[in-house]
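Undergrad: Pasting the sequence and the predicted model now:
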Amino acid sequence: MEDTVFAKIIRRELPADIVYEDADTLAFLDIHPNNPGHTLVVPKKPFRNIFDIDDETLTATWRAVRKIARAVQAATGAEGLNVNTNNGSAAGQVVFHYHVHIIPRFADDGFRLWPGKAYPSAAASAALAEKIRHALA
Ligand code: 5GP
């Protein structure tokens, strides 16, 4: 596991606007916020992303996320929040230390959700659902 800027923030080797800390997690403002109050929640134990994080750390992280989300909403007056994780370069992940984005949203903030795509046929979606069920088995 490579050293990352988030590991450095956890070790206090890099500055950050820290908003929350407990035994397992740290939360701080994103340096390039999508909207003011954009907060990142990271586990102190390093994992790259959803593909390798253990259940215990995932649970601790998301328990903190819910608590912090409410505080971010209260502090910013956000009308909504996007709470998301990017997993892998193709999904936009840049820092390979698991983290959850809490992004305050406003009806007039100019962001649009990704456009939806259509399946070519009902058979195509059914086949893909079957493939995912098989991968889960
Ligand atoms: P990703 O694209 O990996 O999901 O998101 C990484 C996030 O980390 C980006 O939103 C970026 O602005 C933020 N970020 C990158 N470097 C730093 C840093 O040194 N400090 C803080 N506070 N945020 C950072």
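TA: Looks like it arrived, so ask away. Numbers count the residues shown, from 1 in each chain.
Undergrad: hey, let's count contacts and neighbours off CA atoms from now on
TA: Noted.
Undergrad: Could you check how far the nearest residue to residue 92 once chain neighbours are set aside is from residue 115?
TA: Using Cα to Cα, 6 or more residues apart in numbering and skipping the chain neighbours, the partner closest in space to residue 92 is residue 86 (5.8 Å). Relative to residue 115, residue 86 is positioned 17 Å away (Cα to Cα, to the nearest Å).
Undergrad: neighbour count winner among these two?
TA: residue 86 (18 against 5; other Cα atoms under 10 Å).
Undergrad: hang on, isn't residue 34 packed against residue 106?
TA: No - under the criterion of Cα atoms under 8 Å, residue 34 makes no contact with residue 106, lying 11.2 Å away.
Undergrad: Show the pLDDT at residue 112.
TA: Residue 112 is assigned 89 on the pLDDT scale.
Undergrad: Next one: it from the ligand, what distance?
TA: 17 Å (Cα to the nearest ligand atom, to the nearest Å).
Undergrad: For the protein, which segments count as helices?
TA: Secondary structure of the chain by DSSP state H: the helices cover 5-10, 55-76, 122-136.
Undergrad: I'd like to know which elements the first one is packed against.
TA: Counting by 3 or more Cα pairs under 8 Å, 6 or more residues apart in numbering; DSSP states H and E, no packing neighbours are recorded for helix 5-10 among the helices and strands.
Undergrad: How about it and the ligand, any contact?
TA: Yes - part of helix 5-10 sits near the ligand under the criterion Cα under 6 Å from any ligand atom, namely residue 5.
Undergrad: Likewise for stretch 83-90?
TA: Yes - legend: contact between stretch 83-90 and the ligand by Cα under 6 Å from any ligand atom is shown at 85-86.
Undergrad: which parts of that stretch are buried?
TA: 83, 85-87 (16 or more other Cα atoms under 10 Å).
Undergrad: residue nearest the centroid of the protein?
TA: The residue lying closest to the centre of the chain (Cα atoms, centre = their mean) is residue 100, at 2.3 Å.
Undergrad: I figured it hits residue 49, correct?
TA: No - if you go by Cα under 8 Å, residue 100 and residue 49 don't touch, sitting 9.9 Å apart.
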